[in-house]
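*Asks:* my questions are about this predicted structure, shown below with the sequence.
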Amino acid sequence: MGTPEKISSLQNPRVKQLVKLRDRRPRDEAGVFLVEGYREIRRALEKGVALQEIYFSPEWFLGENEPALIAQAQAAGAQAFELTKDAFAKVAYRERPDGLLAVAPQWKRSLDGLKLPAAPFLLVVEAIEKPGNLGTILRSADAAGCDAVIVCDPVTDIFNPNVVRASTGVLFSVPLVVSESREVHAWLKAKGIRTAATTPHTTNIYTQTDLRGPLAVVMGSEQYGLSEFWMKSADTLVRIPMAGQADSLNVAMATIITLFEAVRQRS
């Protein structure tokens with residue numbers, strides 16, 4: 001594996017490239033994205049993601065397991081680089097980094113590439129705007145045992161560093177597809193998967209609606225909720241009753257509440 005190259009200059013081309021990868025266009029042009037953090041990198045390696053590079057700075061380490069993880073990444077083919085404390089601070093996007101940052105290849109999965117059980121349990125999200133919400137939604141889907149998450153008409157990039165961070169690396173374990181709403185709806189229909197779309201504009205209470213069998217829970221954007229397309233096309237509309245003055249919940253919170261009601265019914 002050899003001794004990792006040590007980088008101290010903030011003007012080093014690799015340091016500059018890592019900073020650029022925070023933005024979508026350079027990520028897409030290079031076909032890669034950033035994975036920061038011990039837990040996130042560990043999960044990527046556990047799922048067989050072929051990390052291209054791993055950058056580390058011992059002065060930022062929080063524990064004693066980092067060298068073993070770096071060795072694991074190298075053994076799997078990643079090129080390793082040691083950064084000084086200042087150089088790592090420049091490339092990290094966390095306020096308090098833990099001294100580990102990797103570069104991973106982007107992937108593209110199709111709807112037809114999903115392997116589904118007899119009674120699939122899916123989550124469809126439309127035009128989610130905030131990376132933190134999308135990452136938290138992925139964690140919720142993982143916790144609820146969803147077979148896949150389908151991101152329709154995306155506003156935020158699934159490879160945004162804050163999506164990776166908020167998902168705590170679950171991005172690597174939940175099958176994830178990006179597509180257009182009409183294509184997704186047609187695919188769900190062809191597969192015989194019912195759609196239950198959440199909205200305040202219905203009398204159907206989510207706990208009183210049958211969420212068993214082949215199902216896709218559909219969630220809308222933070223600002224606008226579901227589009228007219230999904231409001232008209234969904235098989236059923238459901239709402240979470242509100243007792244206070246707020247007329248809606250944070251989309252990530254609403255997602256986990258709805259998913260776990262489906263889990264309760266399906267178990």
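*Replies:* On my side now, so go ahead. Owing to the predicted nature of the structure, the values given are computational and were not obtained by experimental measurement. Numbering: from 1, shown residues only.

*Asks:* for residue 51, grab phi and psi.
*Replies:* phi -60, psi 130 (degrees, to the nearest 10).

*Asks:* ok, and for stretch 181-193, which residues are buried?
*Replies:* 181, 184-185, 187-188, 193 (16 or more other Cβ atoms under 10 Å). (C-beta placed from N, C-alpha, C; glycine too.)

*Asks:* kindly report the same for stretch 69-83.
*Replies:* Neighbour count says stretch 69-83 has 69-70, 72-74, 78-83 buried, by 16+ other Cβ under 10 Å.

*Asks:* and the furthest pair within those?
*Replies:* Spatially, the most separated pair among the buried residues of stretch 69-83 is 72 and 83, at 18.8 Å (Cβ to Cβ).

*Asks:* and the pLDDT at the residue lying closest to residue 112 once chain neighbours are set aside?
*Replies:* Nearest non-adjacent residue to residue 112, counting by Cβ to Cβ, 6 or more residues apart in numbering: residue 187, 7.8 Å away. Listed pLDDT for residue 187 reads 98.

*Asks:* any idea how far the helix or strand where residue 187 lies is from the chain center?
*Replies:* Assigned by DSSP states H and E, residue 187 belongs to helix 181-191. Chain-centre distance of helix 181-191: 21 Å, with Cα atoms, centre = their mean, to the nearest Å.

*Asks:* just the residues contacting it, thanks.
*Replies:* 111-112, 116, 120, 122, 124, 126, 150, 152-153, 179, 195, 214, 216, 227, 229-230, 233 (Cβ atoms under 8 Å, 6 or more residues apart in numbering).

*Asks:* can you give me the helices in the chain?
*Replies:* 13-20, 24-30, 38-46, 66-75, 85-91, 131-144, 161-166, 181-191, 228-233, 251-266 (DSSP state H).

*Asks:* in TSV, list those helices along with distance to residue 239.
*Replies:* What follows is the helices of the chain, written out as TSV (distance: least, Cβ to Cβ, whole Å):
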stretch	distance to residue 239
helix 13-20	43
helix 24-30	34
helix 38-46	34
helix 66-75	44
helix 85-91	44
helix 131-144	18
helix 161-166	26
helix 181-191	20
helix 228-233	12
helix 251-266	10
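
*Asks:* just checking, residue 42 touches residue 173?
*Replies:* No - counting by Cβ atoms under 8 Å, residue 42 stays clear of residue 173, with 11.6 Å between them.

*Asks:* more neighbours: which of the two?
*Replies:* residue 42 (19 against 15; other Cβ atoms under 10 Å).

*Asks:* give the contact list for residue 22.
*Replies:* 34, 93, 161.

*Asks:* I misspoke; the intended subject was residue 234.
*Replies:* 195-197, 218, 226.

*Asks:* tell me which of those fall in strands.
*Replies:* Judged by DSSP state E, the subset of the contacts of residue 234 located in strands is 195-197, 218.

*Asks:* filter those residues down to the buried ones.
*Replies:* 195-197, 218.

*Asks:* and which of the residues you listed is nearest to residue 48?
*Replies:* residue 218 (30.3 Å).

*Asks:* identify the residue nearest the closest one in space, chain neighbours excluded?
*Replies:* The spatially closest residue to residue 218, leaving aside those adjacent along the chain, is residue 197, at 4.0 Å (Cβ to Cβ, 6+ apart).

*Asks:* list the contacts of residue 128.
*Replies:* 134, 137, 151, 154-156, 219, 221-222, 251.

*Asks:* the residue lying closest to residue 209 once chain neighbours are set aside pairs with what?
*Replies:* Among residues not flanking residue 209 along the chain, residue 238 sits closest, at 4.9 Å (Cβ to Cβ, 6+ apart). Taking DSSP bridges, one finds residue 198 as the beta-bridge partners of residue 238.

*Asks:* okay, now residue 238: neighbour count?
*Replies:* 22.

*Asks:* same question, residue 34
*Replies:* Neighbour count for residue 34, taken as other Cβ under 10 Å: 23.

*Asks:* one more: residue 153?
*Replies:* Around residue 153 there are 17 residues (other Cβ under 10 Å).
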